[in-house]
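>>> Fold the stuff below for me.
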Amino acid sequence: MKPKKGELEAAVEFSLHVCQRGEADWPSICQELCVFDQQFASFVSSKKAAYEFTLSIVSVQLHAVTNLFESAQSGRIRSHVLECFTNEEVGNYPVEAIAAYDAAWDEAFAQREAPFGAVAAVLSHKLGLKPNLIFARVTLFNPIILSTLGMVIFRFEAGWWKKHIEAYDTVA
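Down below sits the predicted model:
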């Protein structure tokens, strides 16, 4: 029999873990992305950029919550996670940012496209990256950057919730 863990406790653990890892790993991720676009060099030590990166990860990983838990429970866990990111200093911004990432994911998924690039495009806009590819008079983000950044976001802490449910019975 697995030990029990409350939904709130699991949400707090997930949120703290993702924040700590996102902040710690963001500089090296930027350095790797500099190979494709030197604009990332300006974000290596940016706490704001690391925070935005973390919010994109939270959005993607909350899709796992929806898939792994029954509807009512996944809704409660999602609410707890969002509460972990909301405070007087940032206000409702995290909820709005995660909603923007979710909308990009949903739209790409509805168009039968891999949603990772769409989430990466939203992150790129939020970071203030300038599109750097001109195609037929349209300026775009380089698709190699979007796919690479998208995969980094998608793979970051992938499986956290699955490992959680393998180890614990999550209770209200």
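>>> From Ala172, how far out is Ile165?
Separation of Ile165 from Ala172 (C-beta to C-beta, to the nearest Å): 15 Å. C-beta coordinates here come from the backbone N, C-alpha and C atoms, glycine included.
>>> typo on my end, it should be Gly75
11 Å.
>>> Give me the more crowded residue out of the two.
Gly75 (13 against 9; other C-beta atoms under 10 Å).
>>> Surely that one is in a strand?
No: read with DSSP: H, G, I helix; E, B strand; the rest coil, Gly75 is helix and lies in no strand.
>>> Let me know the outermost residue of this structure.
Met1 (32.1 Å; C-alpha atoms, centre = their mean).
>>> per-residue confidence for that residue?
We have a pLDDT of 89 for Met1.
>>> show me the contacts for it.
By C-beta atoms under 8 Å, 6 or more residues apart in numbering, Met1 lies in contact with nothing.
>>> Poorly predicted segments of this protein, please.
133-134, 137-139 (pLDDT under 70).
>>> and the longest helix seen in it, which residues are buried?
When the chain is parsed with DSSP state H, its longest helix is helix 7-33. For helix 7-33, burial by neighbour count (16 or more other C-beta atoms under 10 Å) applies to 7-8, 10-11, 14-15, 18-19, 22, 25-26, 29-30, 33.
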